[in-house]
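**Q** Below are the sequence and a predicted model for it; my questions follow.
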Amino acid sequence: MNPGCIPKCAEAVCRKWVRLVLIAMAIALCNGQTVWRVRAAEPANLPPVLPPPDMLAERSPLPEMLLKDKREGTYFTGFPAIGWDPESEFNYGAAIQWFDNGPSDSPFFRYTPYRKRVAIAATGSTGGSRRALIGYDQPYIGDSPWRVRAAALFDQNKFQNYFGVGELTLGPLTYPGSPLEYSNFDDYKQALNQVVNDQTWARYNEYRKSQAGVVATVERDFLGGRLRPQIGFQVLHVKVGDYTGEEVNGAIMQPTRLYTDVQNGDVTGFEGGWDNAVKVGLTFDTRDFEPDPSSGVMLQAVGRISSHVLGSAFDYQQMTLSARGYQNLLGDRGRLVLAGRLTYAMQFGDVPFYSASGIPFTDGDANGLGGHATLRGFVTDRFVGDAMAYANLELRWSFGETTLWGQHLRFMLVPFLDTGSVFDSVGDTNLKDWKFDGGLGLRLAWNLSTIVSFDYARSGEGSLFYMELGHQF
């Protein structure tokens, strides 16, 4: 295949998957099975009403409009993971999830997203990146208040982004080979890829990163299911490679941003090594349905501590404060959910540059500002600082649902806005120079607990398309 046609081909494949979702809706409509205004469930279709377990006495049950479609027992969901980004090029792979919801006559059925979940994902790219993950999640083990999450991962990225650390990253895109400033990311990449006098800056903002490890956490419910302390650990080994002086596209790669920052003593971690840590967190949670909430709040305070005592090569601390809120604006007449999140993250100590973008959460970590998890209109890790703040706002409209080939599908249209900024320290936090993006998403809720997201975002630096598993928050 001609490399120049890969972006167009990848975008076409992504558009094809959006079309497949629309075709599924059309087929269901022709069969007369689709409900285009989500109605309240008929009582006869609901599982029996049972008193909640004491450990969930203060939690809200699933909304009836969702409960009527919750499956008993076990089932699988799976889909191809296909997309495009400027660094790793055409991405391909698959993700499979196995769920156990338990019997409908269990008192947990109305209050839990599932009783067990196993997720397996494997992806690759034409740019040479590879990723494999297996995860396990079991709330209320043996009908107890305890929950365990565990995952093993391998991640190899030949084009990991690095734009520096601190407020300087908020400025226009620049590189030493040109006096110009770039506001558009695609224009910037084209300039970097130029070859002048057998020299290039093509990998100026990239490095090679390979990591493998395991992560596990344990939580326990208190206050009738609203309060959950968490403790966990990570054992992670990281390898780093730099492009400075190598041959890239037939030319000699000039000093990268990472190499320059290392030489100036601005960052640590260039040698890689063990990055072991413990995680502690506290969550206050009143959401009605964890994978796809329509009401409630989720407040988190999470810390990650890496230390030589744990066998880590580094001593540092990271902390996240986050608030999420959800409100169904239509009540029993349908689902139009206003969802918002506000996050503030900070870090202290000897943080390796590749962990400086880490934002710990109890239910899965995020990286930097940029990418699907934070600011969708900017490339991954575009902005990183010792303090980072961002906010997300979404309006999730469920405009139709259907049962197709024995699978329940619900369709959502989701306009969204993101904003955020980074700071050199906590004391430098201010409201200046915040970045903004916005866009539109199409979401598919498959058997309630599997959310497939197709998001298109635009910012001042360009546009990006994502196909991801789960809501952003």
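**A** Structure's in. What do you need? Numbering: from 1, shown residues only.

**Q** So Arg203, which state does it fall into?
**A** With DSSP: H, G, I helix; E, B strand; the rest coil as the basis, Arg203 sits in coil.

**Q** what number of residues lie near it?
**A** 24 (other CB atoms under 10 Å). C-beta here means a position set from N, CA and C on the backbone, and glycine is covered the same way.

**Q** same thing with Trp434?
**A** Trp434 has 14 nearby residues by other CB under 10 Å.

**Q** Over to the one 4 residues further on?
**A** As a burial measure, Gly438 scores 16 neighbours (other CB under 10 Å).

**Q** How about the contacts made by it?
**A** Gly438 sits next to 377, 415-418, 457-459 when contact means CB atoms under 8 Å, 6 or more residues apart in numbering.

**Q** of all the residues you listed, which two lie farthest apart?
**A** With distances taken as CB to CB, the most widely separated pair in the contacts of Gly438 is Pro415 and Ser459, at 15.0 Å.

**Q** Does Ala151 touch Ile134 like I think?
**A** Yes - contact status for Ala151 versus Ile134: in contact at 6.8 Å, counting by CB atoms under 8 Å.

**Q** Got phi/psi on Val426?
**A** phi -60, psi -40 (degrees, to the nearest 10).

**Q** hang on, it packs against Met346?
**A** Yes - counting by CB under 8 Å, Val426 does reach Met346; the two are 5.2 Å apart.

**Q** Kindly point out which residues are neighbours of both of the two.
**A** Counting by CB under 8 Å, 6+ apart, the shared contacts of Val426 and Met346 are 386-387.

**Q** residue ranges for the strands of the stretch 351-473 of the chain, please.
**A** 358-359, 366-367, 387-404, 407-423, 435-446, 450-459, 462-469 (DSSP state E, counting those that start in this stretch).

**Q** One more: the stretch 101-250 of the chain?
**A** 116-125, 130-138, 146-161, 195-196, 199-200, 206-220, 227-241, 247-248.

**Q** Which one, of these, ends up nearest to Gly273?
**A** strand 227-241 (6.6 Å).

**Q** Now do the closest one: which elements does it pack against?
**A** Here strand 227-241 touches strand 206-220, strand 273-274, strand 277-285, going by 3 or more CB pairs under 8 Å, 6 or more residues apart in numbering; DSSP states H and E.

**Q** Quick one: mean pLDDT over it.
**A** Mean pLDDT, strand 227-241: 97.

**Q** Check stretch 329-349 too.
**A** pLDDT averaged over stretch 329-349 gives 96.

**Q** In that stretch, which residues are buried?
**A** Using 16 or more other CB atoms under 10 Å as the test for burial, stretch 329-349 gives 334-337, 339-341, 343-347.

**Q** With stretch 384-399 instead?
**A** 384-392, 394-398.

**Q** Contacts only, for the residue nearest in space to the middle of the chain.
**A** For the chain, Ala373 is the residue whose C-alpha lies nearest the centre (CA atoms, centre = their mean; 3.8 Å). By CB under 8 Å, 6+ apart, the residues touching Ala373 are 366-367, 472.

**Q** So Trp397 sits against Leu336, correct?
**A** Yes - between Trp397 and Leu336 there is a contact at 5.1 Å, judged by CB under 8 Å.

**Q** neighbours around Asn45, how many?
**A** 10.

**Q** With Ser104 as the reference, measure out to the closest residue to Leu67 other than its chain neighbours.
**A** Leaving aside its chain neighbours, Leu67 sits nearest to Leu46 (5.8 Å; criterion: CB to CB, 6 or more residues apart in numbering). Counting by CB to CB, to the nearest Å, the separation of Leu46 from Ser104 is 9 Å.

**Q** same deal with Ile82?
**A** Distance from Ile82 to Ser104, by CB to CB: 35 Å.

**Q** and what of Gly232?
**A** Taking CB to CB, one finds Gly232 at 32 Å from Ser104.

**Q** before we move on, what about Lys435?
**A** 46 Å.

**Q** Also Pro80?
**A** For Pro80 relative to Ser104 (CB to CB), the value is 31 Å.

**Q** neighbour count winner among these two?
**A** The residue with more neighbours, out of Pro80 and Ser104, is Ser104; 16 against 13, by other CB under 10 Å.

**Q** thought that one was touching Leu50?
**A** No - between Ser104 and Leu50 there is no contact under CB under 8 Å: 9.8 Å.

**Q** and the residue lying farthest from the centre of the chain, what pLDDT?
**A** Distance from the centre of the chain peaks at Asn197, with 41.1 Å (CA atoms, centre = their mean). We have a pLDDT of 94 for Asn197.

**Q** Who are the contact partners of it?
**A** Listed by CB under 8 Å, 6+ apart, the contact set of Asn197 is empty.

**Q** what's the spacing between it and Ile252?
**A** Counting by CB to CB, the gap from Asn197 to Ile252 is 9 Å.

**Q** What of Ala373?
**A** 35 Å.

**Q** Give me the below-cutoff pLDDT ranges for the stretch 301-450 of the chain.
**A** Filtered on pLDDT under 70, the stretch 301-450 of the chain yields no residues whatsoever.

**Q** repeat that with 90
**A** Within the stretch 301-450 of the chain, the ranges that satisfy pLDDT under 90 run 332-333, 364, 367-368, 404-406.

**Q** Check the stretch 101-250 of the chain too.
**A** 125-129, 159, 249.

**Q** Could you check how far Thr450 is from Met253?
**A** 42 Å.

**Q** re the thing from before, among the strands of the stretch 351-473 of the chain, which is nearest Ser183?
**A** With CB to CB as the measure, strand 462-469 is the member of the strands of the stretch 351-473 of the chain nearest Ser183 (9.3 Å).

**Q** The closest one pairs with which strands?
**A** strand 450-459 (antiparallel) (DSSP bridges).

**Q** one step back: any idea how far Asp332 is from the residue farthest from the centre of the chain?
**A** Taken as CB to CB, the span from Asn197 to Asp332 is 70 Å.

**Q** again, but for Gly420
**A** 35 Å.

**Q** again with His308
**A** In terms of CB to CB, His308 sits 56 Å off from Asp332.

**Q** Phe79 too?
**A** Distance from Phe79 to Asp332, by CB to CB: 31 Å.

**Q** Ok, Val262 next?
**A** 59 Å.

**Q** swap in Tyr111?
**A** Distance from Tyr111 to Asp332, by CB to CB: 19 Å.

**Q** again with Tyr354
**A** For Tyr354, the distance to Asp332 - CB to CB - is 48 Å.

**Q** what's the helix or strand for Thr260?
**A** Element membership for Thr260, per DSSP states H and E: helix 257-263.

**Q** Just give me the neighbour total for the spatially closest residue to Phe454 that is not a sequence neighbour.
**A** Leaving aside its chain neighbours, Phe454 sits nearest to Leu442 (4.5 Å; criterion: CB to CB, 6+ apart). Leu442 sits with 17 neighbouring residues when counted by other CB under 10 Å.

**Q** Use 54 as the first number for this chain going forward.
**A** From this message on, residue numbering opens at 54, which makes the last subject Leu495.

**Q** residue boundaries of the helices in the stretch 104-253 of the chain?
**A** 117-120, 238-245 (DSSP state H, counting those that start in this stretch).

**Q** Packed most tightly, which of those would that be?
**A** Highest mean neighbour count of the helices of the stretch 104-253 of the chain: helix 117-120, a mean of 19 (counted as mean count of other CB atoms under 10 Å).
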